[in-house]
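Enquirer: Need a 3D model of the following:
(one chain, ligands or ions: 1)
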Amino acid sequence: MKLKRLEMTLQRVAGFSSPRPALEQYQTPAPLAARLLYHALMKGDIEGKVVCDLGSGTGVLAIGAALLGAASVKGVDVDKKAVDIACANAKLLDADVEFIVADVKDQNLTDVLGFCDTVIMNPPFGAQKVHADRPFIDLAISVAPIIYAIFNAGSTPFIKTYTTGRAEIDERVGGVFAMKRTFSFHTQDIQEIGVEILRLKRKK
Ligand code: SAH
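Expert: Have a look, this model is predicted:
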């Protein structure tokens with residue numbers, strides 16, 4: 001599947017019906033999701049691989065990975081409502097994904113997920129709940145040797161320090177997140193947020 005086609009397909013993924021600010025529920029826009037996934041595909045991290053999406057929301061990243069030929073894909077989200085929408089989205093787009101309702105802080109998740117080749121994720125940026133992104137990073141490192149994650153621009157130094165001794169950032173791609181007005185505290189219809197897609201490689 002070509003990048004443009006993937007992007008057009010992912011445009012059909014329905015978003016959150018009633019997004020919850022505390023969970024930082026922002027759907028990754030299709031162009032950004034397609035960009036992350038296509039980049040990972042070109043690196044050989046999707047096709048035929050066991051992929052996991054942490055904080056899968058309504059499923060855009062997980063579904064895209066399945067459409068690009070992942071061997072299996074699991075999505076994890078704490079919000080049952082989001083998981084229900086994700087399941088409907090996967091059905092609509094004929095993508096084979098197993099969605100699980102669970103908190104990334106749940107210690108049993110490492111066993112439930114087992115070994116993964118690649119984690120893809122757009123975790124909460126920690127804007128509402130400080131350090132909300134940390135359990136995502138911790139779990140990602142414990143289940144997969146390769147991680148693609150979207151963070152807000154300027155996060156690299158923090159991620160670097162936080163993962164010292166456990167993983168290293170081996171790629172960084174800048175991007176823009178055109179965020180639609182989602183919550184009442186948003187003041188513009190569309191706000192462009194600078195983001196960076198990081199590829200983290202776990203240390204042996
Ligand atoms: N990956 C989706 C959603 C990103 S928004 C996309 O790219 O469109 C972040 C997601 O993380 C939300 O769906 C939210 O419900 C989920 N989330 C927040 N805290 C969580 C936690 N502790 N455990 C699991 N999921 C969580």
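
Enquirer: drop to CA atoms for contacts and neighbour counts, all remaining ones
Expert: Fine.

Enquirer: so what does the helix or strand of the chain with the lowest mean pLDDT touch, helix or strand wise?
Expert: Least confident helix or strand, the chain: strand 167-180 with a mean of 86, by mean pLDDT, DSSP states H and E. Where contact means 3 or more CA pairs under 8 Å, 6 or more residues apart in numbering; DSSP states H and E, strand 167-180 is packed against helix 30-42, strand 190-202.

Enquirer: what residue ranges in the chain score low on pLDDT?
Expert: 127-128, 182 (pLDDT under 70).

Enquirer: Tell me the residues of this structure that contact the ligand?
Expert: Applying CA under 6 Å from any ligand atom, one finds that the chain approaches the ligand through 23-28, 55-61, 77-79, 102-105, 121-124.

Enquirer: Just want the phi and psi numbers for the residue most central in space within the chain.
Expert: By CA atoms, centre = their mean, the chain has its centre lying nearest to residue 121, at 2.1 Å. Phi and psi for residue 121, reported as degrees, to the nearest 10, are phi -160, psi 150.

Enquirer: For it, name its beta-bridge partners.
Expert: residue 54, residue 149 (DSSP bridges).

Enquirer: That one and residue 149 touch, don't they?
Expert: Yes - counting by CA atoms under 8 Å, residue 121 does reach residue 149; the two are 4.9 Å apart.

Enquirer: Does anything pack onto the helix or strand containing residue 140? Which helices or strands?
Expert: Here residue 140 is covered by helix 134-143, with elements defined by DSSP states H and E. If contacts are counted by 3+ CA pairs under 8 Å, 6+ apart, helix 134-143 sits against helix 109-113.
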